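In: Show me the folded form of this:
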Amino acid sequence: MLYGGMDIATMKTGRSKCRNQTIADMFQYMHIVEAWGTGIPRIIKSCKQYGLQEPVFEEFGDGIKATVYRLQATKTSDKRQEQAASDKSNRQAEKTILLKIKK
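Out: Got it, this is the predicted structure:
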């Protein structure tokens, strides 16, 4: 669960609190963490950059759940269909150019 009076809205702003300062110091020493409180805002920013819905964070009992969404299959399917049509058009153009070169 979130620690030290932290709530989800505050967590999303990048504010953090360490549960175990010794472990936190060790992770920083080993360069496992870049800076305190940057993870959640970076996840949200990355999702927006990739056109994904903002993740949903839910606190329940003694835990927290993060739901990260992916692109819908129809969007991906539409892009694939557009790419296939473009590829077919390009192949046709190549054939036409090669025929004109041969003549």
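In: For this protein, just list every one of the strands.
Out: Taking DSSP state E, the strands of the chain run over residues 56-60, 63-67.
In: most tightly surrounded among those strands?
Out: Compared across the strands of the chain, strand 56-60 shows the largest average neighbour count, a mean of 12 (mean count of other CB atoms under 10 Å). Backbone N, C-alpha and C define where each C-beta goes, glycine included.
In: centre of the chain versus that one, how much separation?
Out: Computed by CA atoms, centre = their mean, to the nearest Å, the separation of strand 56-60 from the middle of its chain amounts to 18 Å.
In: Give me the contact list for that strand.
Out: Contact with strand 56-60 is made by 1-2, 7-8, 11-12, 40, 64-67, as judged by CB atoms under 8 Å, 6 or more residues apart in numbering.
In: re the thing from before, got the strands of the chain as a markdown table, with distance to Leu98 columns?
Out: Listed next are those as a markdown table, based on distance: least, CB to CB, whole Å:
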| stretch | distance to Leu98 |
| --- | --- |
| strand 56-60 | 53 |
| strand 63-67 | 51 |
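In: Contact partners for the residue lying closest to Gly14 once chain neighbours are set aside?
Out: Using CB to CB, 6 or more residues apart in numbering and skipping the chain neighbours, the partner closest in space to Gly14 is Gly37 (4.1 Å). Residues near Gly37 by CB under 8 Å, 6+ apart: 14-16.
In: Tabulate the contacts of strand 56-60 (TSV), appending pLDDT and distance to Ser89.
Out: Below are the contacts of strand 56-60 laid out as TSV (pLDDT from 0 to 100; distance: CB to CB, whole Å):
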residue	pLDDT	distance to Ser89
Met1	77	55
Leu2	81	53
Asp7	84	53
Ile8	85	48
Met11	86	48
Lys12	88	45
Ile40	90	44
Ile64	88	49
Lys65	92	46
Ala66	92	42
Thr67	94	39
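In: Brilliant, that's me finished.
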